[in-house]
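Colleague: sequence first, then the predicted structure:
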Amino acid sequence: VGGLPAEKELEALPQSQLGMLHRSRRALRAGARSQEVRLVTLHSLPPGVIVYVGGLVAARSVKVASGGPRVSEVRDAWWKELREEIRVNARSLDCTHVIGYSESASVCEGVCALSAQGTAAVLDLSLLAPPRPPPAPSAADGS
């Protein structure tokens, strides 16, 4: 019977556990502020990898395109600026990653509308590491 949890399951956590959760959340946030935010284009991750979801982050910009010998450098700088804004927004939500990250652009009569968006989150990447192979038997084992 899947419905509501039993009354025992709804008991409050002891004060010592609440304090521990609060301290670990504070450490998580401090760590998020100190590392670079990574942009991840994946929309689906294995269970347990997403630790915390901060929220939607988005950045938009409108630029006037002008021809010239350095047009690709200028465009790259526009995208770099937009990506940095996304990272700043994710960092303000105490997140280390932006998942489902995407970019789009529309050009009409020399005006470029750039857009970037994703979901700010904290990920536990240790769950994505490949499993370590078992140690090879040594001569001391008698094998």
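Modeller: Done, it's in. Numbering: from 1, shown residues only.

Colleague: by mean pLDDT, flag the weakest helix or strand of this structure.
Modeller: helix 15-34 (a mean of 57; mean pLDDT, DSSP states H and E).

Colleague: pLDDT score for the nearest residue to residue 124 once chain neighbours are set aside?
Modeller: Nearest non-adjacent residue to residue 124, counting by CB to CB, 6 or more residues apart in numbering: residue 51, 5.2 Å away. For the C-beta atoms, the positions are set from N, CA and C on the backbone; glycine is no exception. If you check residue 51, the pLDDT there is 91.

Colleague: buried residues in the one helix or strand residue 51 maps to?
Modeller: If you go by DSSP states H and E, residue 51 is part of strand 50-64. Using 16 or more other CB atoms under 10 Å as the test for burial, strand 50-64 gives 50, 52, 54, 57, 59, 63.

Colleague: how far does it sit from the chain's center?
Modeller: For strand 50-64, the separation from the chain centroid amounts to 11 Å (computed by CA atoms, centre = their mean, to the nearest Å).

Colleague: name the helices or strands packed onto the helix or strand just after it?
Modeller: Downstream of strand 50-64, the first helix or strand assigned by DSSP H and E is helix 71-92. If you count contacts as 3 or more CB pairs under 8 Å, 6 or more residues apart in numbering; DSSP states H and E, helix 71-92 packs onto strand 38-39, strand 50-64, strand 97-108, strand 111-123.

Colleague: hmm, residue 123 and the residue nearest to residue 124 touching each other?
Modeller: Yes - contact status for residue 51 versus residue 123: in contact at 6.5 Å, counting by CB atoms under 8 Å.
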